[in-house]
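K.L.:
structure of the sequence below:
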Amino acid sequence: MHGPYKVIDCHRHVVEPPDLWETRLPAPLHQQVRIGPGRLDSIQVRGRAVLRGRPNFLTDPMYQQILAEAIQADFSPQSQLADMDRQGIDVAVLLPMLGLYAPWADHIGPDLSVPMCQVYNDWLSAYCQADTARLKGIALLPLQDPGEAGKELRRAVQALRCVAGLMIPNPVLGRRLHDGAYDVLYQEGRDPGRPARSEPWGQRHGPAAGGAGPLAGLLCPGGGGGYL
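P.N.:
Numbering: from 1, shown residues only. A predicted model of the protein is given here:
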């Protein structure tokens, strides 16, 4: 805390273990998600890449030097809290890293995207138990099925104590954020206790974001994201 004010980082990320879905999804789904040993070197779901070629910042020498302790701790919640202490951050709202890519592609289908999001949200909830007053999770939502996304938002907030649900503005199954198919999810998100956050991420496979619609005015500009 700095004076009478708390410093809240609303755009902080966790770094998920590369075997998160492989070890936690039920058989046979666990065989359909493959994360490379360098995490961001390759991400494949159902045999197809969901990450476009890009430099892996996790292997950058400067990054490895600055975050040597976090890397040594394999990005544990304790290392997250230690970094927050050094940076003067009181509370962190946590976004995914691998989860920004893995569950969104059109070919995945809700039969896999729903349990993928559930697995991540369960893991994130356990991660935040290291200090629930300072670590606040944002849940992944399976946008391939808006009805299931609404159910998962409710579960994540009520049972797992997440503070919001994550959406991406990139089209999923051709749907943009203003598509009427999402009304069931937005109805769930109208509850003040269950907000949804929109997070652009341009290096995933799939159509780029764009095409302002009726909901565009509800997206708060800033460092690339906003709240619905």
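
K.L.:
just give me how far stretch 60-70 sits from the chain centre.
P.N.:
Distance of stretch 60-70 from the chain centroid (Cα atoms, centre = their mean, to the nearest Å) equals 22 Å.

K.L.:
first-to-last residue distance for that stretch?
P.N.:
In stretch 60-70, first residue to last residue: 14 Å (Cα to Cα, to the nearest Å).

K.L.:
phi, psi of the nearest residue to Asp74 once chain neighbours are set aside?
P.N.:
Leaving out its chain neighbours, the residue that sits closest to Asp74 by Cβ to Cβ, 6 or more residues apart in numbering is Pro17, at 7.2 Å. All C-beta spots, glycine's among them, are computed from the backbone N, C-alpha and C. The phi/psi pair for Pro17 (degrees, to the nearest 10) reads phi -60, psi 140.

K.L.:
repeat for the one 10 residues further on
P.N.:
Note on Ala27: backbone dihedrals following degrees, to the nearest 10 are phi -70, psi 140.

K.L.:
from Leu100, how far off is it?
P.N.:
From Ala27 across to Leu100, the span is 26 Å (Cβ to Cβ, to the nearest Å).

K.L.:
between those two, which is the more surrounded one?
P.N.:
Leu100 (20 against 6; other Cβ atoms under 10 Å).

K.L.:
on the three-state scheme, the spatially closest residue to Leu153 that is not a sequence neighbour is what?
P.N.:
Closest residue to Leu153 apart from its sequence neighbours, by Cβ to Cβ, 6+ apart: Gly165 at 4.1 Å. Look at Gly165: counting by DSSP: H, G, I helix; E, B strand; the rest coil, its state is strand.
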